[in-house]
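> just to be clear, the model below is a prediction. Sequence and coordinates:
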Amino acid sequence: MIRILLVEDEKGIVSNLTEFLHVEGYEVDSVSGQRDALRLLEQGKFDLVLLDISLSDGNGFAVCKAIKENYKIPVIFLTASGDEYSTVTGFELGADDYVAKPFRPRELAMRIKNILRLTGTGGGIVHLGDVVVDAERGTASRNGKDLYLSALEYRLLLVFLNNRGRVLPRTMLLESIWDIGGEFVNDNTLTVYIKRLREKLEEDPQNPRIIRTVRGLGYKVDA
């Protein structure tokens, strides 16, 4: 799974963006300052860094410089600074992209996918029995045949993949997918989409082995 380091000191942005990226299938670690960002980079492997310029301590420029000198990880700046100096400085330090606040999460998701593809760090193949999910291409196939998932079906699948081993209540699933494509998703609609997803994923949709019902609690995809 793609692992992202979010370096941002605005708690609202951290909370909302972390939740959104989890739904998109990414693992996210977040810190608010330069010192903690460099510490995490030393401790673990990340595939991409989302980086604000103004931090609780230090600044994003210093973090970007350290990343490019020591780790060669792609960096996308997230900042309210729209002046030419900040933009030029970021790119001179090796930033791969620059997104000004406020930004639309879906646009940021596309920027992330593009950068990962261009730098060769994107992707990740996930197997669910005979189903193969290609996170880089945004596709799912079964026995080599494309399942042609709709946008909402694919997002629902990502929610399950990002929470393998956990029982997911219907309320959580509704909150995770209700706004995709501007579609309204109620409890009955969720039932329909889970049924459709099972029909595409499962060998025997009447006796599902991938998306299992946990009676009285919700649904679960095993780790």
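Cool, the structure landed.

> contacts, neighbours, all on C-alpha from now
Will do.

> which residues in this structure form strands?
Counting by DSSP state E, the chain has strands at residues 3-7, 27-31, 48-51, 75-79, 97-100, 125-128, 131-134, 139-142, 145-146, 167-168, 212-214, 218-220.

> pairing partners for the fifth one, with directions?
Here the strand partners of strand 97-100, with direction, are listed using DSSP bridges: strand 75-79 (parallel).

> for the helix-or-strand element of the chain with minimal mean pLDDT, give me every contacting residue.
Ranking every helix and strand in the chain by mean pLDDT, DSSP states H and E puts helix 84-92 at the bottom, with a mean of 77. Residues from elsewhere that reach helix 84-92, judged by Cα atoms under 8 Å, 6 or more residues apart in numbering: 61, 64, 77, 97-98.

> from these, which two are the most distant?
Distance extremes for those: the farthest pair is 61 and 97 at 13.3 Å, using Cα to Cα.

> and the least confident helix or strand of the chain, how far from the chain's centre?
When distances are taken as Cα atoms, centre = their mean, to the nearest Å, helix 84-92 is centred 26 Å away from the chain's centroid.

> return it as CSV; C-alpha atoms alone will do.
In CSV, the C-alpha atoms belonging to helix 84-92 read as follows (Å, rounded to 0.1, in the frame of the first residue of the first chain):
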residue,chain,number,x,y,z
GLU,A,84,5.7,33.7,-7.1
TYR,A,85,8.7,33.5,-4.7
SER,A,86,7.2,30.6,-2.8
THR,A,87,6.4,28.7,-6.0
VAL,A,88,9.8,29.2,-7.6
THR,A,89,11.6,28.4,-4.3
GLY,A,90,9.6,25.2,-4.0
PHE,A,91,10.4,24.0,-7.5
GLU,A,92,14.1,25.0,-7.2
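
> and the angle for it with strand 75-79?
Comparing the axes of helix 84-92 and strand 75-79 via axes from the mean of the first three to the mean of the last three Cα atoms, to 10 degrees yields an angle of 160 degrees.

> just the buried residues of helix 84-92, please?
By neighbour count with 16 or more other Cα atoms under 10 Å, helix 84-92 contains the buried residues 86-87, 90-91.

> quick check on the closest residue to residue 67 other than its chain neighbours: phi, psi?
Of all residues not flanking residue 67 in the chain, residue 73 sits nearest, at 6.4 Å (Cα to Cα, 6 or more residues apart in numbering). The phi and psi torsions at residue 73 (degrees, to the nearest 10) take the values phi -100, psi 140.

> from residue 65, how far out is residue 73?
Per Cα to Cα, to the nearest Å, residue 73 is found 11 Å from residue 65.
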